[in-house]
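[1] Okay, here's the prediction I keep looking at, along with the sequence it came from:
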Amino acid sequence: MNRLWIAAIAALAVGVSIQSAPAADLPVKAPVKQAAITNWAGWYGGIEGGWATARAAQTNTLSGVSNGYYGQQGALLGGTLGYNWQVANWILGLETDLSWSGVRGEETNCGPTRTQVCPTQLLAFGTARGRVGTIVWANTIVYATGGMAYGEIKAFKNSVNVSGGEDWRTGWTAGAGVETMFAPNWSFKVEYLYATFPGTATTYTITASNTPISAIERDIQMVRGGLNWHF
């Protein structure tokens, strides 16, 4: 009888071991760690600066004489203000900025004697744009942007008395950029913008001869960085 009990207990133990062994041997799937998505929604403001190149030209509006385009270049520095809406991984926003500009160029063989210098300057540059972006990593977005550009443009002739020649004009701008949130509430961006001002930018008049000279401002291309605080 004792042998029967011992045999029964042994059989039961073997059966339990066989039944539980597959479950014990199954691999346990490690939990997948998800990166937290940064919240981009709300107001932000900051500073920005960069470098730009452009083209300008001046034309005698009476004779139609012009020597064509000449190059411009210079730095920009200013501030920005914007607001973002966030829908899942998509960022929709509005942004405006205004910068002091040192973008300048000059025609060195202008005037009747072709010995005078005729500079054109972009004194200030600003935009009012929309932005559409997507989160490509937990704290980084890439975006496209476009909208209105505006600027203060000055043209004149060195060593000659002139009147006028300084006006604000509107145009358009488009570009793209990348922005990353590197600390709580702080982000850094790098972007490229193209802007142009159709038509005549400004006109000045040579006082002695009463000759009007028109100036145009075209093909502004800039790369700039920005530091933003998110409220």
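    The structure has been received and is ready for your questions.
[2] Quick check: beta-bridge partners of the residue most central in space within the chain?
    For the chain, the residue nearest the mean C-alpha position is Glu191 (3.4 Å; C-alpha atoms, centre = their mean). Per DSSP bridges, the residues bridged to Glu191 are Gly177, Arg224.
[3] Check Thr96 too.
    Leu81, Ala128.
[4] which SS class is Ile37?
    Assigned by DSSP: H, G, I helix; E, B strand; the rest coil, the conformation of Ile37 is coil.
[5] Spatially nearest residue to it, not counting backbone neighbours?
    Nearest in space to Ile37, with sequence neighbours left out and distances taken as C-beta to C-beta, 6 or more residues apart in numbering, is Ala138 at 5.9 Å. (C-beta placed from N, C-alpha, C; glycine too.)
[6] neighbours around the one you found, how many?
    Per other C-beta atoms under 10 Å, the neighbour tally for Ala138 reads 12.
[7] swap in Lys154?
    Quick note: Lys154 (other C-beta under 10 Å) scores 20 neighbours.
[8] ditto for the one 4 residues further on
    Applying other C-beta under 10 Å, we find 13 other residues in the vicinity of Asn158.
[9] In space, what's closest to it - neighbours in sequence excluded?
    Per C-beta to C-beta, 6+ apart, closest to Asn158 is Val117, 4.3 Å.
[10] Quick check: the one you found vs Thr127, distance?
    Distance, Val117 to Thr127, by C-beta to C-beta, to the nearest Å: 30 Å.
[11] what about these two, which has more around it?
    Thr127 (23 against 15).
[12] I'd say that one and Thr173 touch.
    Yes - using C-beta atoms under 8 Å, Thr127 is in contact with Thr173, at 5.3 Å.
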